[in-house]
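**Q** below are the sequence and a predicted model for it; my questions follow.
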Amino acid sequence: MSDRYDFKTIEAKWQKKWDEQDMYAVRDFGNRPKYYCLEMFPYPSGKLHMGHVRNYSIGDVIARFKRMNGYDVLHPMGWDAFGLPAENAAIKYGAVHPAQWTMDNINAMREQLKQLGISYDWHREVATCHPGYYKWTQWLFLQLYHRGLAYKKKAGVNWCPSCATVLANEQVKEGTCERCKSLVEKRELEQWFFKITDYADRLLADLKKLEGWPEKVKIMQENWIGRSEGAEITFAVEGHDETITVFTTRPDTVYGVTYMVLAPEHPLVEKLVEGREQALEIKQFADRVRRQSELDRTSAEAEKIGLFTGAFCINPLNGERVPILVANYVLMEYGTGAVMGVPAHDQRDFEFARKYNLPIRVVIQPAGEELHPDTMAEAYTGDGVMVNSGPFNGTPSREGIKAVTRYLEEKGLGHGRVNYRLRDWLISRQRYWGAPIPIIYCDKCGVVPVPEDDLPVLLPMDVAFKPTGRSPLEEHPDFVNTTCPSCGGRARRETDTMDTFMCSSWYYYRYTSPRDENNPWDPEKVRRWLPVDQYIGGVEHAILHLLYSRFFTKVLYDMKLVDNEEPFTNLLTQGMVLKDGAKMSKSKGNVVSPEDIVAAYGADTARLFILFASPPERDLEWSDQGVEGCYRFLNRVWRLVAPLAGSLPAVSIQGNGKLVGVNKEMHRITHLTIKKVTEDVGNRFNFNTAISAIMELVNAMYQFREVPETDRQPWVLREAVDALLLLLAPFAPHIAEELWELTGHEGSVHQQPWPSYDPEAIVEDEITIVVQINGKVRDRMLVPADIKPQEMVDLVMQQERVRELIGGKKVIKTIPVPGKLVNVVVK
RNA sequence: GCCGAAGUGGCGGAACUGGCAGACGCACACGACUCAAAAUCGUGCGGGUUAUCCCGUGUGGGUUCGACUCCCACCUUCGGCACCA
């Protein structure tokens, strides 16, 4: 078997052995320090794609590396198993139940993961569609409900006609469904929400604590939360008891208000126009806007349309009459749904005022410039001094913001206020294949939560899947009809299921206690393992999953169910896998199947290539020839090590003081490689350069092998072979294990301590330094490694070649850089 | 429009703290082995036909003895947000 690299036999052999020996099962309370290494669990679509292979290869290197470095590593895997594709498959093909479809896919993908040799503790596997799991998803819903964080309200929500369900704001991209790209419609529906907005300030503030997260992701979350400071100001409506409250970030410009705008959906609109000639027109306008898709409504090019209501309100600061308009550009969801129009100092207001000939009044004058309404080409939004502002005239605008806010508070006309763009998380879904929302509606008692003892609310299996656009649960009388837990009378169950992002917001806690039937997790175990030390996944979850998970963790922390306030200490967002410069996709026909690659070259080659081709955060360009190259490299390792199997000395540790020449050099390269790989993997996750270093070690070993045997110290080669196999183990675990055994070691290579380097060994006696004249490399010379800077300069200046190059020019100064170079500056 | 990231050989990429640009791999060329091919091994491989020379890290400027690296302006590509008052 040792004559050629037979990856098929080797990989099957070790996968079986590791499984039998349960090698990657981890103790909950061992005495080594803990490390929780987690990769985002996949949706069981049926087959792994290259993105998965990349994600899980990265995680496996880290897990194996940490294990060898003395940690108890929790490295689990599971399935984000509820979701639309299963149900759509049932509708389309009829024959297969979503549960069966999902289970089949899980089995297939688990097999693929095992074939890749990823070191998971499979005892901890979870699937979110299993009643033993979703019982606790429902339990968590109830905890949020009891804390007032889950509530039902009627609102204009995003409806995807193709998915036949509502979507959260986070799932709408540019007005389209992020899953199927259909145009999202607006619908007025009563839906369940989580009050994530209650946590907006903490979700924002704690981003600062996440030093191990990419800046990019933190900025995206920061923008999504969208904090802005300002004030709420109340305007009285002329001839009504009603008032209009606006939110503004520029209370210093209130004296410049020349009109007021309400969102078409604003509740006051109908009252204001009642009995007026404008009533019909405004109502039609409001209906039209309401029906508009998110995209049409919010696109920047959309024309701003405004209509006068006929009503006026009163500016609380100067008592002026201000006309009230309705306009499509004001959003009901943000702030108060009403905006004060200050055309001189807001670009949108400016354009709107020009279009409808509304007056423009300058109330902020910039230094060194005189603004005049008639000559302004655009709004002035910068700093300046307040003018036309009664008692505030002469106040700098920055101070004015505070001064006006204080004044409004004193007079009871308004107050300082912080606003967020983040909206509450809509979790209802009108689909079958999800966790049922554990709520019962009773005519007598109203909304009644399902008692915890009655959980889980089981998803019935005998349902019909028809493309009706209605949830199959609605048409299942045995599910719908129930008794009220409160009064025992007849009642109906909620038929919506939960957004699957709810299931994935807490799975990393469940891995600590995957089979606990009485609790979502054992607090002791969560205390031991959480937070996740390293989380790895695609950047497409920068907002969705990662924001929801942070929210959940904060709620659980407040409930004293966990001790950590953040779930993921370090986050690695891996880049996409591309082929021919584009993301692999069926429609483009550029998909490379992991199965084919593993079959043709083996898992070790597949893993090695995907880690070698690019650093993890960057996109990776797939290359069939690059894969070949990695396969060649592993063959090279095989041909180097396998023939040595019987002939290596038993022990590699010897005194190294006497080493000279090639032996010393081989010894030095071995230790240099240990240093490089340890740093690249441990500190930087630069697996590509770590693998390069291992390749260089192998190249050096080939050279060393050419040296006549009589000139070689046998233990130097033994040391190099051992180091090579240990360093290679996290990347190519099967071949490393096989060669480890072949070269006569007891026990698994994966249970060895990570090698350490000897600083003495990497010291060189002589080094090559560069000689520069005016910063340009002109010569090189060999000098003793411990040379002093002044000696370097002296030595360089004595060089024949240096004198030649200097010629008649004058030496202005010499700059020695220890260990590197000497730069001679001449004129 | 705003925010962010990235631009280095034919290609993927390296250069970690301002100090030898192009490590490692791919592709290519030549040589060895072979009846031959594949595999393997060896040599070369940014450009300027020659090199102890000159040019070269998206473009233009700057700082510095010295810049892929720092600063300013711009171009291109990718990602995110997009009437948020």
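**A** It's in.

**Q** what sits against the residue of the stretch 51-200 of chain A found nearest RNA strand B?
**A** Across the stretch 51-200 of chain A, no residue is closer to RNA strand B than residue A:173, which sits at 4.9 Å (CB to the nearest atom of the strand). The C-beta positions use only the backbone N, C-alpha and C, and glycine is treated the same way. Counting by CB atoms under 8 Å, 6 or more residues apart in numbering, residue A:173 touches no other residue.

**Q** list the contacts for residue A:206?
**A** For residue A:206, the contact set (CB under 8 Å, 6+ apart) comprises A:550, A:554, A:565, A:566.

**Q** where does the stretch 251-400 of chain A dip in pLDDT?
**A** A:293-295, A:298-301 (pLDDT under 70).

**Q** residues of it that sit close to RNA strand B?
**A** A:263, A:297-300, A:302-304, A:328-331, A:333-335, A:337, A:339-340, A:346, A:348 (CB under 7 Å from any atom of the strand).

**Q** could you redo the last one with a cut-off of 6 Å?
**A** Counting by CB under 6 Å from any atom of the strand, the residues of the stretch 251-400 of chain A close to RNA strand B are A:298, A:300, A:302, A:304, A:328-331, A:334-335, A:337, A:339, A:346, A:348.

**Q** now residue A:424: how far from residue A:452?
**A** Going from residue A:424 to residue A:452 by CB to CB, to the nearest Å gives 24 Å.

**Q** of the contacts of residue A:206, which ones also sit close to RNA strand B?
**A** Applying CB under 6 Å from any atom of the strand to the contacts of residue A:206, none is adjacent to RNA strand B.

**Q** so which of those residues is the most crowded?
**A** For the contacts of residue A:206, counting by other CB atoms under 10 Å, the largest number of neighbours falls to residue A:550: 23 neighbours.

**Q** which phi and psi values does the residue lying closest to that one once chain neighbours are set aside adopt?
**A** Nearest residue to residue A:550, sequence neighbours excluded (CB to CB, 6 or more residues apart in numbering): residue A:203, at 5.8 Å. The phi/psi pair for residue A:203 (degrees, to the nearest 10) reads phi -60, psi -30.

**Q** circling back to that earlier point, of residue A:424 and residue A:452, which one has the most company?
**A** It is residue A:424, of residue A:424 and residue A:452, that has more neighbours when counted by other CB under 10 Å, with 21 against 12.

**Q** state the pLDDT value of the residue of the stretch 51-200 of chain A closest to RNA strand B.
**A** For residue A:173, the model assigns a pLDDT of 86.

**Q** now do residue A:653
**A** Looking at residue A:653, its pLDDT stands at 62.

**Q** can you tell me the closest non-neighbouring residue to the residue in the stretch 701-827 of chain A that RNA strand B sits nearest to?
**A** Proximity of the stretch 701-827 of chain A to RNA strand B (CB to the nearest atom of the strand) peaks at residue A:775, 2.7 Å away. The spatially closest residue to residue A:775, leaving aside those adjacent along the chain, is residue A:823, at 6.1 Å (CB to CB, 6+ apart).

**Q** show me what that neighbour is bridged to.
**A** Taking DSSP bridges as the rule, residue A:823 bridges to residue A:772, residue A:815.

**Q** what's near enough to touch it?
**A** Listed by CB under 8 Å, 6+ apart, the contact partners of residue A:823 are A:772, A:773, A:774, A:775, A:814, A:815, A:817.

**Q** now the buried members of the residues you listed.
**A** Taking 16 or more other CB atoms under 10 Å as the criterion, what is buried in the contacts of residue A:823 is A:772, A:773, A:814.

**Q** I am finished for the moment; much appreciated.
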